[in-house]
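Colleague: I would like the atomic coordinates for the input below:
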Amino acid sequence: MQELLPGVWRWTAKHAAWKPGGAAGSADDWPEDVGSVAYAAPRSLVLIDPLVEDEAFLDDLVERHEDRPVSILQTVRFHSRSIEALERRYADRLAPEPGPGVDPVPIAGAGEMMVWLDGPRALVPGDRLLGDGAGGLRMCPDSWMRYLGLEQAGLAEALRPLLDLPVEAVLVSHGDPVLAGGRDAIAAAIRVDP
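Modeller: Down below sits the predicted model:
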């Protein structure tokens, strides 16, 4: 677990459903290690798309924020990951809402609710924005959206409202996060002028 921004931690874990040899653009086009985020919001400790191999992994962070309830958010239906186990583990501390400074950002028609962390100006997407392997972002392949009937042009249009946010960091689930110039990285991914 690494604190990437003040009060924002990210870690990766190996995903059990990952398959080696996924061709570029295929439904299996993603790295084995997937990212999860924790944020010490003003009124809660927020876990976003958490995947942990051992639930005790988060206990230290939760204990260090004993004055806050725990809120667990899921960006896309495929990211249930360790949520059920963590809800049981922290049942006495769960808060249904994360409180101020943590806002849902629904992506129209894309089957995803990204999370906006206002204080650190960080966006946490699920599957629609990915690390591009070169320090920037890319949109997910069409194969990831077939069940929605959505393709690249439609996804780019659905992501365009993100440019209204003052995004500095984009903490992707798949690939490396973007820690500076996030809005410009989103603009480049959806191919519009920043």
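
Colleague: residue 90 contacts residue 63, correct?
Modeller: No. Using Cβ atoms under 8 Å as the test, residue 90 is too far from residue 63 to be in contact (10.7 Å). Using the backbone N, CA and C atoms, a C-beta is placed for each residue, glycine as well.

Colleague: which SS state does residue 138 fall under?
Modeller: strand (DSSP: H, G, I helix; E, B strand; the rest coil).

Colleague: ok, it - contacts?
Modeller: 129-132, 189 (Cβ atoms under 8 Å, 6 or more residues apart in numbering).

Colleague: coming back round to it: the more surrounded of residue 90 and residue 63?
Modeller: residue 90 (20 against 8; other Cβ atoms under 10 Å).

Colleague: how many neighbours does the closest residue to the more buried one other than its chain neighbours have?
Modeller: Spatially, and ignoring its direct neighbours in sequence, residue 90 is nearest to residue 70 (4.5 Å; Cβ to Cβ, 6 or more residues apart in numbering). Neighbourhood size, residue 70 [other Cβ under 10 Å]: 23.

Colleague: quick one on the thing from earlier: so which of the contacts of residue 138 comes closest to residue 139?
Modeller: When those are compared for distance to residue 139 (Cβ to Cβ), residue 189 wins out at 5.6 Å.

Colleague: and residue 78, which of the three is it?
Modeller: Per three-state DSSP, residue 78 ends up helix.

Colleague: isn't it up against residue 128?
Modeller: No. Residue 78 is beyond contact range of residue 128, at 11.6 Å (criterion: Cβ under 8 Å).

Colleague: out of the contacts of residue 138, which is nearest to residue 21?
Modeller: Distance ranking of the contacts of residue 138 against residue 21, using Cβ to Cβ, places residue 130 first at 18.0 Å.

Colleague: chain neighbours aside, what residue packs nearest to residue 3?
Modeller: Once flanking residues are discounted, residue 3 sits nearest to residue 9: 5.2 Å by Cβ to Cβ, 6+ apart.

Colleague: now the one helix or strand the one you found maps to, how far from the chain's geometric center?
Modeller: Here residue 9 sits within strand 8-14, counting by DSSP states H and E. A distance of 10 Å separates the centroid of the chain from that of strand 8-14, by Cα atoms, centre = their mean, to the nearest Å.

Colleague: what residues are up against residue 81?
Modeller: Counting by Cβ under 8 Å, 6+ apart, residue 81 has contacts 15, 34, 36, 49-51.

Colleague: check which helix or strand it maps to.
Modeller: Going by DSSP H and E, residue 81 is not in any helix or strand.

Colleague: tell me the confidence at it?
Modeller: The model reports residue 81 with a pLDDT of 79.
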